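S.K.: the following comprises the amino acid sequence and a computationally predicted model.
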Amino acid sequence: MTDVFVYTTPHDERARPLVEALIEEYESRYGNYFGEPARNELTRYPAEYFAPPHGSFLLLLRDGLTIGGGAFKRYDERTAELKRIWTHADLRQQGLARKVVYELEAQAVRQGYSRIYLTTGFRQPEATQLYLRSGYTALFDVDVDPEVYGHLAFEKDISHLAAQTPSQAGEAGKLSTHAA
């Protein structure tokens, strides 16, 4: 069993399981709560937003099959915004999402960012816990019913990763750039 990160684009055929599963998951959790179908959210940004020099899109493959992935795009000059963090439903609670997040953080540093921003939906408590346990600061009151906010925003300073060598940055998430 070999896990490998592949940097690619949302148009890569191997990204289809990620996109389709996210649409299904968002629709099952939110329906039309936000006033539009989930597919609209996942196609809101052109693929170029997730390409260097300002963005990145990665897949986590296991023996050639997509088991996870995520992306970031430019939020501002020093901030990357994480998007599309996903792991296969049958493989959750194994630390794969955390590996994806750490790999994206390391890549964001390599591309010159020093801060990460992201939002997740209020009906995704496991995502909220992932970000809190991964060192993100909630930009909302965690003691208030999350539905009040709709989208839950987080941030993390990653400037300390720039002082590490590329292998140290990867090791911070127990990864290398190409293999998990």
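M.R.: That came through fine. As the structure is a computational prediction, the values presented were derived from the model and not from experiment.
S.K.: contacts, neighbours, all on C-alpha from now
M.R.: OK.
S.K.: distance across stretch 124-144, terminal residue to terminal residue?
M.R.: Distance across stretch 124-144, first residue to last, is 15 Å (CA to CA, to the nearest Å).
S.K.: quick one: buried residues of it?
M.R.: 124, 127-128, 131, 136, 138 (16 or more other CA atoms under 10 Å).
S.K.: and what of stretch 21-37?
M.R.: For stretch 21-37, a neighbour-count test (16+ other CA under 10 Å) marks 22-23, 26-27, 30 as buried.
S.K.: what do you get for stretch 87-103?
M.R.: Buried, per 16+ other CA under 10 Å, within stretch 87-103: 87-88, 96-103.
S.K.: how about those in a markdown table, adding pLDDT?
M.R.: Conversion of these to a markdown table gives the following (pLDDT from 0 to 100):
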| residue | pLDDT |
| --- | --- |
| Thr87 | 94 |
| His88 | 93 |
| Leu96 | 96 |
| Ala97 | 96 |
| Arg98 | 96 |
| Lys99 | 97 |
| Val100 | 97 |
| Val101 | 97 |
| Tyr102 | 97 |
| Glu103 | 97 |
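S.K.: out of those residues, which sit inside strands?
M.R.: Thr87 (DSSP state E).
S.K.: tell me, how many residues neighbour Gly68?
M.R.: Look at Gly68: counted by other CA atoms under 10 Å, it has 27 neighbours.
S.K.: just to revisit the earlier point, and the buried residues of stretch 21-37, which is closest to Asp145?
M.R.: Nearest to Asp145, judged by CA to CA, of the buried residues of stretch 21-37 is Tyr30 at 16.0 Å.
S.K.: what about the longest strand in this structure?
M.R.: strand 65-76.
S.K.: for that one, give the mean pLDDT please.
M.R.: Mean pLDDT, computed over strand 65-76, is 97.
S.K.: in a strand, Asp143, correct?
M.R.: No. Going by DSSP: H, G, I helix; E, B strand; the rest coil, the assignment for Asp143 is coil, not a strand.
S.K.: distance of it from Tyr149?
M.R.: 12 Å.
S.K.: and Glu36, how far is that from Arg44?
M.R.: For Glu36, the distance to Arg44 equals 11 Å [CA to CA].
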